[in-house]
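Asks: pasting the sequence and the predicted coordinates here, then a few questions.
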Amino acid sequence: MEKNPQNCSRAYFTTTACCEDVHNNFSETYNNTVNKAREMPLVEMLETIRRLAMVRIDIRKKKAENHKGKYSLKVANTIADESLHKKNCRAVAGANGVFDVRENSTGYSVHMRKRTCTCRKWDMTGIPCRHALRVIMQMKWNAEDYVSDWYLTTKWRNIYNDSISPVTGMRFWNKSDESRLQPPTRPETKGRKKKQKRIKGKNESPKKKLKFVESPKKKVKVGREGRTVRCGHCGLTGHNALKCPNSGASVYRKPKKSASSQGEGLSQESQV
């Protein structure tokens, strides 16, 4: 209740929007699309985003114009998915256009005139649910007559009728007498640039960790967890040679095992 469930829980959604989505795919798609444009200067960034939007609107406009059905593609796909489950429903006619539909020993009240169902799926989406489809099939009605007008192909085409106006290039802009602004200096980055990745949530795929495997014949790569980092320059632990603070220290050399110690170890192993 502290997170305002009217924006994140379907139980509190209104039935006027004809939408039941609760995910964040819109912003995820936007961030992935403009990922390359983020690293550009301000003018080039805005111009790149504008052209991407124009291309997407043009593709959606052609797709809507070529569609021949009365309603959008989502209506046909949703009705096809819900029709697979309507065979498990049984409908009994009531008074004033109300039907009692039972599915797996659970009863649902379907009001055909108000276009509502107890499961609230028809209310929120505007597309008949499996319980309403069972009544429509039993009464030999047309399912498209009970779909919300928001899914009409004409409304779909009206969305993409207008697009973003083109903008002339910087060559045709009016030049001002002000001093030219220079971009700020950027620090030099060492190594290859890392690719930006989205931070995964707690419930998403966990990070794979390599386990320690004891095998005398086969070398197995282990993870970095539990390792002690030792500097190759000064020999101290806690940092590596790249970030060594002891620049004046002598170079640390790892002591080599002598032949006598190796021989003793072999003789001891042979004795055992």
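Replies: That came in fine, so what should we check first? Residues are numbered from 1 along each chain as shown.
Asks: elements contacting the longest helix along the chain?
Replies: Counting by DSSP state H, the longest helix found in the chain is helix 42-66. On a contact count with 3 or more C-beta pairs under 8 Å, 6 or more residues apart in numbering; DSSP states H and E, helix 42-66 meets helix 153-159. C-beta here means a position set from N, CA and C on the backbone, and glycine is covered the same way.
Asks: re earlier: buried residues in the longest helix of the chain, which are they?
Replies: Under the neighbour-count criterion of 16 or more other C-beta atoms under 10 Å, helix 42-66 has Glu47, Thr48, Ile49, Ile57, Lys61, Ala64 buried.
Asks: what's the answer for stretch 146-166, then?
Replies: Result for stretch 146-166 [16+ other C-beta under 10 Å]: buried residues Tyr146, Val147, Tyr151, Leu152, Thr153, Trp156, Arg157, Tyr160.
Asks: and the gap between the last one and Trp122?
Replies: In other words, Tyr160. 27 Å (C-beta to C-beta, to the nearest Å).
Asks: ditto for Met112
Replies: Using C-beta to C-beta, Met112 is found at 10 Å from Trp122.
Asks: Asn240 too?
Replies: Between Asn240 and Trp122 the distance is 62 Å, computed by C-beta to C-beta.
Asks: looking at these two, which has the bigger crowd around it?
Replies: The neighbour count for Asn240 versus Trp122, taken as other C-beta atoms under 10 Å, is higher for Trp122 (26 against 11).
Asks: burial measure for the residue nearest to Met112 when sequence neighbours are not counted, as a count.
Replies: Closest residue in space to Met112, ignoring its immediate chain neighbours: Gly97 at 4.5 Å, by C-beta to C-beta, 6 or more residues apart in numbering. Using other C-beta under 10 Å, Gly97 is surrounded by 12 other residues.
Asks: check Ser9 too.
Replies: The number of residues packed near Ser9 is 12, by other C-beta under 10 Å.
Asks: and if you look at the one 4 residues further on?
Replies: Around Phe13 sit 19 other residues, with neighbours defined as other C-beta under 10 Å.
Asks: the nearest residue in space to it that is not next to it in sequence in helix, strand or coil?
Replies: Leaving aside its chain neighbours, Phe13 sits nearest to Met124 (5.6 Å; criterion: C-beta to C-beta, 6+ apart). Remark: Met124 carries the secondary structure label helix [criterion: DSSP: H, G, I helix; E, B strand; the rest coil].
Asks: so what's Met124 up against?
Replies: Met124 makes contacts with Arg10, Phe13, Thr15, Ala17, Cys18, Cys19, Glu20, as judged by C-beta atoms under 8 Å, 6 or more residues apart in numbering.
Asks: nearest to Leu42, of these?
Replies: Set against Leu42, the nearest of the contacts of Met124 by C-beta to C-beta is Cys19 (34.1 Å).
Asks: so that closest one versus Pro5, what's the distance?
Replies: Here Cys19 is placed at a distance of 16 Å from Pro5 (C-beta to C-beta).
Asks: show me where the stretch 51-200 of the chain has helices.
Replies: Here the stretch 51-200 of the chain has its helices, by DSSP state H, counting those that start in this stretch, at 73-83, 121-125, 130-139, 153-159.
Asks: dump these to TSV, plus mean pLDDT and distance to Asn104.
Replies: Compiled in TSV, those are given as follows (pLDDT from 0 to 100; distance: least, C-beta to C-beta, whole Å):
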stretch	mean pLDDT	distance to Asn104
helix 73-83	90	15
helix 121-125	89	16
helix 130-139	92	11
helix 153-159	92	35
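Asks: out of those helices, the one nearest Glu178 is which?
Replies: helix 153-159 (41.0 Å).
Asks: which neighbouring elements make contact with the closest one?
Replies: Judged by 3+ C-beta pairs under 8 Å, 6+ apart, the packing partners of helix 153-159 are helix 42-66.
Asks: chain center to the helix it packs on, what's the gap?
Replies: Put simply, helix 42-66 sits 21 Å off its chain's centre (C-alpha atoms, centre = their mean, to the nearest Å).
Asks: how much space between His23 and Arg186?
Replies: 36 Å.
Asks: dump the residue contacts of the residue nearest to Met112.
Replies: Contacts of Gly97 (C-beta under 8 Å, 6+ apart): His111, Met112, Arg113.
Asks: redo that, cut-off 10 Å
Replies: The neighbours of Gly97, taking C-beta atoms under 10 Å, 6 or more residues apart in numbering as the test, are Val110, His111, Met112, Arg113, Lys114, Val135.
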